[in-house]
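only geometry, no sequence info:
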């Protein structure tokens, strides 16, 4: 019973503190959903990791990690979405193939432009004046 009393006290305190803030603040009514895909390359294409993050209002609610091989929910809503996506075997096979479709494909396209530039001698020509903040 002690936990319930403490939780009730905390809830009352939060409502009392949030009320003045809520009356002064005006909600914009703009919601943002974002999907971010990342490829991590370890030793070229020997080991690759594909991560896809699903974000709503600056909070990640679900993600797919190719090392894990399934969607993982970070919030209650994200867990529900992850269970739904994980239940479809065809969708999961498509997601697991994203490592080859996105990461390996993009690595092969960008390698001639990126790998050959490491350690070029032209790097010494960049000004290092303290006034420039470099």
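Received, thanks. Quick caveat: nothing in here was measured; it's all calculated off a predicted structure.

C-terminal to the helix or strand bottoming out on mean pLDDT in the chain, what's the next element?
Lowest by mean pLDDT, DSSP states H and E among the helices and strands of the chain is helix 2-24, with a mean of 44. Using DSSP states H and E, the helix or strand that follows helix 2-24 in sequence is strand 33-42.

Give me the packing partners of that following strand, helices and strands only.
Applying 3 or more Cβ pairs under 8 Å, 6 or more residues apart in numbering; DSSP states H and E, one finds that strand 33-42 makes contact with strand 47-56, helix 105-114. C-beta here means a position set from N, CA and C on the backbone, and glycine is covered the same way.

any idea how far residue 60 is from residue 106?
The gap separating residue 106 from residue 60 is 23 Å, by Cβ to Cβ, to the nearest Å.

neighbour count winner among these two?
residue 60 (15 against 12; other Cβ atoms under 10 Å).

Is it correct that residue 69 falls within a strand?
No - if the criterion is DSSP: H, G, I helix; E, B strand; the rest coil, then residue 69 is coil and not within a strand.

Start and end of stretch 92-111, how far apart?
One end of stretch 92-111 sits 28 Å from the other (Cα to Cα, to the nearest Å).

contacts for that stretch?
With contact meaning Cβ atoms under 8 Å, 6 or more residues apart in numbering, stretch 92-111 is reached by 37, 39, 41, 44-45, 48-50, 52, 64, 66, 69-71, 85-86.

change it to 6 Å
Residues outside stretch 92-111 that contact it (Cβ atoms under 6 Å, 6 or more residues apart in numbering): 39, 45, 48, 50, 64, 66.

got the contact list for the first one?
When contacts are counted by Cβ under 6 Å, 6+ apart, residue 39 is found next to 50, 103.

Can you tell me how far it is from residue 57?
Separation of residue 39 from residue 57 (Cβ to Cβ) stands at 25 Å.

cool, and the fourth one?
Taking Cβ to Cβ as the criterion, residue 50 is separated from residue 57 by 24 Å.

Give me the more crowded residue out of the two.
Counted by other Cβ under 10 Å, residue 50 and residue 57 do not tie: residue 50 has more neighbours, with 22 against 10.
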